[in-house]
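**Student:** A predicted structure for the sequence below; I have some questions about it.
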Amino acid sequence: MRVTTDLWVSALLRRVFGAGGFAAVVKRGATEAGAVFVLSRGRMGEISLFGPAPQTSYDSDKPDDRFFTLLGTGDDAGPFDARLEREKKFDPDIWVVEIEAGSVPVEELLSVKTP
């Protein structure tokens, strides 16, 4: 059984804080099953946006896991903010979580799949 998005985001925030990082929910979406987007900011100003992985990334052995894919990286937040605004217009139930991972790489906090 898949955990609710609210519980999953809470667990992500605890993992980030436990690793010495910082996290905040920028936009709260649907409690039960909202899509999650993670905006990761590095200490040197680099930014990465992670979004839900395509359905083809899911394994039939673990259909309840949440997988993410890297949607882009850079040092200018403008394109990422614009992308998130488009996503909000398409699906108002999305979650946006912003993190500064601390001592642990983001890929250890999220299950990232490469296309």
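**Tutor:** Structure received. Residues are numbered from 1 along each chain as shown.

**Student:** Sketch out the helices for the protein, chain order is fine.
**Tutor:** For the chain, the helices defined by DSSP state H cover 5-18, 78-90, 106-109.

**Student:** quick one: the strands in this protein?
**Tutor:** Residue ranges of the strands in the chain, as given by DSSP state E, are 22-27, 36-41, 47-52, 68-74, 95-100.

**Student:** check contacts around the residue most central in space within the chain.
**Tutor:** What sits nearest the mean C-alpha location of the chain, by Cα atoms, centre = their mean, is residue 38, with 2.6 Å. The contact partners of residue 38, taken as Cβ atoms under 8 Å, 6 or more residues apart in numbering, are 12, 49-51, 68, 96-99, 106, 110. Using the backbone N, CA and C atoms, a C-beta is placed for each residue, glycine as well.

**Student:** Generate a markdown table for those, with pLDDT as supplementary columns.
**Tutor:** Conversion of the contacts of residue 38 to a markdown table gives the following (pLDDT from 0 to 100):
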| residue | pLDDT |
| --- | --- |
| 12 | 91 |
| 49 | 93 |
| 50 | 92 |
| 51 | 90 |
| 68 | 87 |
| 96 | 94 |
| 97 | 94 |
| 98 | 94 |
| 99 | 93 |
| 106 | 84 |
| 110 | 85 |
